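1. Dropping the sequence and predicted coords here.
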2 protein chains.
Amino acid sequence: MFCLVPSPDQRAEANNNIPASDTASSGFLGNLLVVPMDGSHWVGIKAIAQEMGRRGHRVTVVIPEISMRMGPGKHYDTVTYPVPYDKAHIDSIMSSLKDMMEKSSFTEKIRKGFSKIGQRNLKIPNFFLSEHDEKSNFDAVLTDPVAPTGSLIARKLGIPTINLLRGLPCSLDMKSAGCPSPPSYVPRFLTRYTDKMSFQERAFNTLVALLEPLLCRLLYWHFDQIAYQFLGEEVGIAEVLSESAIWLLRLDFTLEFPRPIMPNVVLVGGINCNVRHPLPEDLESWVSGEHGFVVFTLGTMLSDLPEETTSVFLEAFRQIPQKVIWRYTGQVPDSFPENVKLMNWVPQNDLLAHPGARAFITHAGSHGLFEGLCHAVPMVMMPFGGDQPDNAVRLASRGAGVVLDIYSITTESLLQGLNEVINDTRYKENMQKLSALHKDRPVDPLDLSVYWTEFVMRHKGAKHLRPAVLDLNWLQYYCLDVIAVLASVVLFFVILIVKCLKLCFWKLSRKRKQD
Amino acid sequence: MFCLVPSPDQRAEANNNIPASDTASSGFLGNLLVVPMDGSHWVGIKAIAQEMGRRGHRVTVVIPEISMRMGPGKHYDTVTYPVPYDKAHIDSIMSSLKDMMEKSSFTEKIRKGFSKIGQRNLKIPNFFLSEHDEKSNFDAVLTDPVAPTGSLIARKLGIPTINLLRGLPCSLDMKSAGCPSPPSYVPRFLTRYTDKMSFQERAFNTLVALLEPLLCRLLYWHFDQIAYQFLGEEVGIAEVLSESAIWLLRLDFTLEFPRPIMPNVVLVGGINCNVRHPLPEDLESWVSGEHGFVVFTLGTMLSDLPEETTSVFLEAFRQIPQKVIWRYTGQVPDSFPENVKLMNWVPQNDLLAHPGARAFITHAGSHGLFEGLCHAVPMVMMPFGGDQPDNAVRLASRGAGVVLDIYSITTESLLQGLNEVINDTRYKENMQKLSALHKDRPVDPLDLSVYWTEFVMRHKGAKHLRPAVLDLNWLQYYCLDVIAVLASVVLFFVILIVKCLKLCFWKLSRKRKQD
């Protein structure tokens, strides 16, 4: 059963308390449904939900009773749905490094993960609609389509969708937006290529591109089943997603390699850059010091390491003059260097924004990467899966960080990496240039996200931005039918001319013989 | 010889007189060279030059001594260069309708026009640089690349270029920006197709796309020669243009069909929408009246019509209750209806912004179209060349105007067209919806143009937005080399397998025979 977590009516509150210029620009106040994802995915969605509520819209966020990070906020209502697990279960699925290192391929892991998410998420839309379809009057759905529950609800309710995401495996996001991705210079997800590829890389990238449709079928098979069951129509997830009004992509061309995008794709990389608070006083005084400090986090999912890996890190930290703040939830070792502070949770963005931050040791998740980029902190990157190796390549290829293999890390390699980014000034300079470009945008990414969310609500979609390519099959898209007909016509005329010439020669030679 | 038209030093003036928040956002004040085009092309460039000067940048605009519309402004310096013709010559080349109706094909007209522009413009860069290369210290060039003089100067000076344009024939703009334009849903220039094409249309569009490289060679042959002579290197105009930092395209997806764009392509259609002044008092009082009025202009180039066509128009205007303001420079007829006012020049944008404007009779030039769209005035469109027929199709396909053939216009057809857009409320409603979408953008197009111009000056270009596709040849771009190798490998294995199978069968059958 759904339950509405009580919260002040933010429309009334906002209209009374905030300046007129801060409310929705057109005066339009709407009703937004938000279907978020957990973990770091929650950060951007929460920022938009908060800001939409603050501007006076009614915002309803649908979250499970038990989650990693999702919860109520000042400017939105939360609707919770029951789940068949408890907090301990959540903690147990926070994968340990050991799990991450298991031998099954990454694709296999994604597939399994998707299958689990799929089974869990199947319940959400049905639950939600059984409670809400009659009485709700939403203008749009804001969602993270990594689990396309929100997109399914939107289709069922006949309302437009705004997606916020970093990207989908097998380029399903670009495919569903109708966006061309030429494999000659658009490196595929998980290949770790840049936009300048050798012949072999281009060949492999093209092969991956050719296999992507198959990969999509495999990865989204569970969601396709859910779509069919829930919507009662023969429609796959790719088609459901292609109806999205606006794609807010957490990308930015200071990191991403330039590539074609469609008119309804809006780049909002760095959306949480300005979501900041002052550091707690004790932390502020701890980090101060002439050598500055290093921030060390490996994301929401990885805050515990095997004992021997922990020792490797501690031994390296003992040998640097900087202080180190480490997000660490594992067993605290008996002794560790004085310059290290272990914390269950760290205010990562606020720490990186501090002028004393010298380096950022990160798994190169997209959120952390943008926070480091925003505050121009050079990075030591240790990707362990997902989009992280690709992210790391993007930053490293700009000379603003180094990449280390977390699976074979040693005290020496870590020390060398840290020394490089802290003491070789080129890393900091490159990072400052990148950061300046990244922050030099006409509209702040959070404001831009809110703008387009409001746009979709005001205009009941963004149909004028929907490309006609979405109505073409692949034969038509690549004009293979046209090429076939043109080639046939050319072939016909070539054969005709050859036949005519043969006939002429034959007649001519016969005439000569007769002469 | 160049001469500097005296004007106040706008940097000092701007810094003293305008509020701090209105000056360049980053505090950076630069030195901008502007190489504009004449006619309606001047409108957008002038607006940016004015605004850049007003924000405190030093702006130098290079214009010929004699021109149609270009001239000095409050916030920029003008540098003039001598031309071998006088004002009378300019007046004579303002093509009359008769010229427009001449039988030579439009492509031929463009080629001739380009050749003339080329010959004239060849002199500009040499003139300019002989005077300026030593003493100038420009940060960037803002130009209209329909005549790529500015691009040539920029390349010679080694500074980045910002282009402002509607589009180039043979899609040279999109080609130079590295932007994919799939012929299956991106209609080609001059075809008058929409993004939803029948098989025949798609076939023709594909043929045009295939012929575009050839067409480009033909059209830009003169400019290629100029580039070679001026730069002293083996480089064509396409390559010079591909180095452009930012493309400001006077397009907007409320009119344009959604298509892929590159990260350095910024859409600023409607750039002059808000460049407005109050109507002169006599005009304000003349246009007032319960039935409203019709604005009738056919662009900079066409303000004179043959006598019989003029009569057709006057006869139609006599039969409508609305007043008509007609930009007309031809011989004034002995008698004309009282509700018609003929003027040598009309404040088009200000008239369309008046609440009394009921309809806009236009040649569907891009500037007029955006002004009508901005103020939601339904249109009767009479395109006679260039991008006008394509523009007209775009607006008509949205149900916001009707298209008439100016070459066969009759009083009846004009009356019917006017009645439709004025009295059938659907036209006004569609136009209002389109206008609302058009104006609902995160940043005003003029501000956006100024923003990106400043961006290029601040960062000495926009290299991070340059797509790697510009370094690939077409074999690599389409991965034809990869496909050839992959196909060869597949073929090799197929042949190998067939041979093996044959051998096996042969051995098997021999063995059986032996048995």
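-> Yes, it's here.

2. Look at A:P333 and say how many residues are nearby.
-> When counting by other CB atoms under 10 Å in any protein chain shown, one arrives at 13 neighbours for A:P333. Where you see a C-beta, it was placed from the backbone N, CA and C, and this is true even at glycine.

3. all strands for the stretch 101-250 of chain A, in order.
-> Counting by DSSP state E, counting those that start in this stretch, the stretch 101-250 of chain A has strands at residues A:140-143, A:161-165, A:246-249.

4. what's the closest of the ones you listed to A:A47?
-> strand A:161-165 (9.5 Å; CB to CB).

5. Just give me the longest helix of chain A.
-> As assigned by DSSP state H, the longest helix anywhere in chain A is helix A:480-514.

6. so how far is that one off the chain centroid?
-> 57 Å (CA atoms, centre = their mean, to the nearest Å).

7. Check stretch A:317-335 too.
-> From the chain centre to the centre of stretch A:317-335 is a distance of 30 Å (CA atoms, centre = their mean).

8. How about that stretch, which residues are buried there?
-> Judged by neighbour count using 16 or more other CB atoms under 10 Å in any protein chain shown, the buried positions of stretch A:317-335 are A:317, A:320, A:322-328.

9. which of the residues you listed lies closest to chain B?
-> Using CB to the nearest CB, A:Q322 comes nearest to chain B of those, at 29.8 Å.

10. What residues does that closest one make contact with?
-> Going by CB atoms under 8 Å, 6 or more residues apart in numbering or on different chains, A:Q322 touches A:291-294, A:339, A:358-359, A:418, A:422.

11. In the stretch 1-150 of chain A, where is pLDDT below threshold?
-> A:1-26, A:91-135 (pLDDT under 70).

12. quick one: the helices in it?
-> Counting by DSSP state H, counting those that start in this stretch, one finds helices in the stretch 1-150 of chain A at the ranges A:10-17, A:41-54, A:87-93, A:97-100, A:106-132, A:149-157.

13. interface residues of the stretch 251-400 of chain A facing chain B?
-> The stretch 251-400 of chain A comes close to chain B at residues A:253-254, A:257-264, as judged by CB under 8 Å from any CB of the partner chain.

14. out of the buried residues of stretch A:317-335, who's nearest A:N205?
-> Using CB to CB, A:R327 comes nearest to A:N205 of those, at 35.0 Å.

15. For stretch A:233-253, buried residues please.
-> For stretch A:233-253, the neighbour count (16+ other CB under 10 Å) marks A:236-238, A:240-253 as buried.

16. Serialize the contacts of A:Q322 to JSON lines and add fields for neighbour count and pLDDT.
-> Output for the contacts of A:Q322, formatted as JSON lines (neighbours: other CB atoms under 10 Å in any protein chain shown; pLDDT from 0 to 100):
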{"residue": "A:H291", "neighbour count": "13", "pLDDT": "93"}
{"residue": "A:G292", "neighbour count": "18", "pLDDT": "94"}
{"residue": "A:F293", "neighbour count": "21", "pLDDT": "96"}
{"residue": "A:V294", "neighbour count": "26", "pLDDT": "96"}
{"residue": "A:N339", "neighbour count": "18", "pLDDT": "92"}
{"residue": "A:R358", "neighbour count": "21", "pLDDT": "96"}
{"residue": "A:A359", "neighbour count": "29", "pLDDT": "97"}
{"residue": "A:L418", "neighbour count": "24", "pLDDT": "96"}
{"residue": "A:I422", "neighbour count": "20", "pLDDT": "96"}
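
17. Just the closest of the residues you listed to chain B, please.
-> Nearest member of these to chain B, counting by CB to the nearest CB, is A:A359, at 23.0 Å.

18. distance of the residue lying closest to A:G236 once chain neighbours are set aside from B:E256?
-> By the measure of CB to CB, 6 or more residues apart in numbering or on different chains, the closest residue to A:G236 outside its immediate chain neighbours is A:D224, 4.6 Å from it. A:D224 sits 34 Å away from B:E256, going by CB to CB, to the nearest Å.

19. got it, and A:L501?
-> To B:E256, A:L501 is 48 Å away according to CB to CB.

20. neighbour-wise, which of these two wins?
-> Between A:L501 and B:E256, counting by other CB under 10 Å, B:E256 is the more crowded of the two (20 against 10).

21. What's the separation between that one and A:H375?
-> Per CB to CB, B:E256 is found 38 Å from A:H375.

22. Then A:L414?
-> Distance from A:L414 to A:H375, by CB to CB: 22 Å.

23. Could you do A:I495 as well?
-> 69 Å.

24. Those two: who's more crowded?
-> The neighbour count for A:I495 versus A:H375, taken as other CB under 10 Å, is higher for A:H375 (22 against 10).

25. for the stretch 201-350 of chain A, what spans make up the helices?
-> Using DSSP H, counting those that start in this stretch, helices in the stretch 201-350 of chain A cover A:221-231, A:237-242, A:281-287, A:307-318, A:348-352.

26. now the first one and helix A:149-157, what's the angle there?
-> In other words, helix A:221-231. Relative orientation of helix A:221-231 and helix A:149-157, computed by axes from the mean of the first three to the mean of the last three CA atoms, to 10 degrees: 30 degrees.

27. Just give me how far helix A:221-231 sits from the chain centre.
-> For helix A:221-231, the separation from the chain centroid amounts to 23 Å (computed by CA atoms, centre = their mean).

28. Could you export that helix as PDB, CA atoms only?
-> Only the C-alpha atoms of helix A:221-231 are listed here, as PDB (Å, rounded to 0.1, in the frame of the first residue of the first chain):
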ATOM      1  CA  TRP A 221      14.700  -8.500 -22.200                       C
ATOM      2  CA  HIS A 222      13.300  -8.400 -18.700                       C
ATOM      3  CA  PHE A 223      12.100  -4.800 -19.100                       C
ATOM      4  CA  ASP A 224      10.500  -5.700 -22.400                       C
ATOM      5  CA  GLN A 225       8.600  -8.400 -20.600                       C
ATOM      6  CA  ILE A 226       7.500  -5.900 -17.900                       C
ATOM      7  CA  ALA A 227       6.500  -3.300 -20.600                       C
ATOM      8  CA  TYR A 228       4.300  -6.000 -22.300                       C
ATOM      9  CA  GLN A 229       2.700  -7.100 -19.000                       C
ATOM     10  CA  PHE A 230       2.200  -3.700 -17.700                       C
ATOM     11  CA  LEU A 231       1.000  -1.900 -20.800                       C
END
